[in-house]
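Engineer: predicted model and sequence below, questions to follow.
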Amino acid sequence: MENQAGRVSENNAEYLYLAMELSRKNWKLGFSDGKKPQIRKVTIEAGDLEAYRKEIEKAKQRMGMKESAQVRSCYEAGREGFWPHRAARAMEVENIVVDAASIEVNRRQRRAKTDRMDVEKLVRQLVRYWRGEQDVWRICRVPSVEEEDRRQLHRELEVLKEERKQHRVRIQSLLFTHGIGTSVGRGFLNKLEHCVCWNGKPIPGELKRRIENEYHRLQLVEAQIRESKKAQAEKLRTADTEDRVMEKVRKLQKLVSIGLGSSWIFVMELFGWRRFGNRRELAGALGLTPTPYNSGSSVREQGISRAGNRRVRKLSIEIAWCWLRLQPDSHLSQWYKQRFGSGGARMRRIGIVAMARRLMIDLWRYLESDTLPKGAVVR
């Protein structure tokens, strides 16, 4: 990010502003010199980096810029991930990835929307951003290739656990349509042989075959979950002591109520690669900041923003409940009991979100400055 002096000096420099509207088939590119209102729009095939480079050269020529003019670009974060960002940086293009939910939109019920209009809007907002309007949108922090790759193991585990739940629910639903209620666990196929329908007759053949196939898929998912957990533990065991990321995982695990799975997600998704200047930045990254509504005589609280990392936000609330149970004498648990313990169920649910925010701040300080949460018990 440039400082204020850099922004003032850029008045005498040449910059080509480029916005990209990405889709599966085509990329819509919008160019501007930041001075004239006209925007040059071209369409290239999706992922064609050579065409991307040539269009930048053509735009410089059309706008009378030098070949050495710096290019500043942007695109909305989406399905493509961060590879277009890395490709642009490899071409010495100063690219930023924009949070799509933070872009200003027309609030009318019916509004025109096309890729052509979107790219024009992105270019104009890009110019405004580089002229100092920091609040025009929110910028996504881009991890390195290694940091992004480290996320794959626990995210795969998350998908597998969801698939496991789907298989179990599907089996139980199929059985329930014939009046059979049974759990899906060890020895399920043996139990299935003795199950009978509501009228005492055996399960129809095709239905039984389908349930068996579904159970075999469940067993495959169970095996993959065990392998993923084993790989996770092995990576932690064999990691070098100089690996700062793995050391943070080990450090979090020392706290009672935080295990391998939760410490792994906290570090790989947040603490292992993000840098925060203060506690407000951390709360904002989690989406645990309040969203007040104060207009005229209408004053109310809309709840937390939910604009941050959903995985860490969800897990932080779960760990907050565990912290209450396993760290009852800690300062944070005592604060919660005094503030929300005597309230109703709704008040306690609101309070646990506030506690989760405080807990994540304490964990951040513990990892960065070795400040143990007050009254916390370590293993």
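Structural biologist: Received the coordinates, thanks. Numbers count the residues shown, from 1 in each chain.

Engineer: what are the buried residues along stretch 161-169?
Structural biologist: 163-164, 167-168 (16 or more other C-beta atoms under 10 Å). From N, CA and C alone the C-beta is placed, and that goes for glycine too.

Engineer: from those, which land in helices?
Structural biologist: Of the positions in these, 163-164, 167-168 sit in helices, assigned by DSSP state H.

Engineer: one step back: between the buried residues of stretch 161-169, which is nearest L255?
Structural biologist: Distance to L255 across the buried residues of stretch 161-169 (C-beta to C-beta) is lowest for R164, with 28.0 Å.

Engineer: confidence score at that closest one?
Structural biologist: At R164, the model reports a pLDDT of 97.

Engineer: could you find the closest non-adjacent residue to it?
Structural biologist: V221 (4.9 Å; C-beta to C-beta, 6 or more residues apart in numbering).

Engineer: let me see the contact set for that neighbour.
Structural biologist: V221 is in contact with 160, 163-164, 167, counting by C-beta atoms under 8 Å, 6 or more residues apart in numbering.

Engineer: and of the ones in helices among the buried residues of stretch 161-169, the nearest to K254?
Structural biologist: R164 (29.7 Å).

Engineer: that closest one reaches L218, doesn't it?
Structural biologist: Yes. Taking C-beta atoms under 8 Å as the definition, R164 is a contact partner of L218 at 6.6 Å.

Engineer: re earlier: so can I have TSV of the buried residues of stretch 161-169 showing distance to I352?
Structural biologist: As requested, the buried residues of stretch 161-169 are arranged in TSV below (distance: C-beta to C-beta, whole Å):
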residue	distance to I352
E163	29
R164	27
H167	31
R168	28
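
Engineer: so P37 belongs to a helix, correct?
Structural biologist: No. Under DSSP: H, G, I helix; E, B strand; the rest coil, P37 falls outside any helix and is assigned coil.

Engineer: got the residue ranges for the strands in the stretch 251-379 of the chain?
Structural biologist: 290-295, 298-304 (DSSP state E, counting those that start in this stretch).

Engineer: can you say which of these is nearest to A239?
Structural biologist: The nearest among these, by C-beta to C-beta, is strand 298-304 at 34.1 Å.

Engineer: can you give me the neighbour number for H216?
Structural biologist: Counted by other C-beta atoms under 10 Å, the residues lying close to H216 total 11.

Engineer: for it, give me its contacts.
Structural biologist: H216 touches nothing, counting by C-beta under 8 Å, 6+ apart.

Engineer: how much space between it and T177?
Structural biologist: 20 Å (C-beta to C-beta, to the nearest Å).

Engineer: for T371, same thing?
Structural biologist: Using C-beta to C-beta, T371 is found at 56 Å from T177.

Engineer: quick one: what helix or strand has the residue nearest to R164 in it?
Structural biologist: helix 205-238 (DSSP states H and E).

Engineer: in that helix, what's buried?
Structural biologist: For helix 205-238, by 16+ other C-beta under 10 Å, it's 211, 214-215, 217-218, 221, 224-225, 228-229, 232, 236.

Engineer: JSON lines for the residues you listed, including distance to R349 and pLDDT?
Structural biologist: Below are those laid out as JSON lines (distance: C-beta to C-beta, whole Å; pLDDT from 0 to 100):
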{"residue": "I211", "distance to R349": "38", "pLDDT": "97"}
{"residue": "E214", "distance to R349": "35", "pLDDT": "97"}
{"residue": "Y215", "distance to R349": "37", "pLDDT": "97"}
{"residue": "R217", "distance to R349": "36", "pLDDT": "97"}
{"residue": "L218", "distance to R349": "33", "pLDDT": "97"}
{"residue": "V221", "distance to R349": "32", "pLDDT": "98"}
{"residue": "Q224", "distance to R349": "34", "pLDDT": "98"}
{"residue": "I225", "distance to R349": "30", "pLDDT": "97"}
{"residue": "S228", "distance to R349": "31", "pLDDT": "96"}
{"residue": "K229", "distance to R349": "30", "pLDDT": "96"}
{"residue": "Q232", "distance to R349": "31", "pLDDT": "95"}
{"residue": "L236", "distance to R349": "33", "pLDDT": "94"}
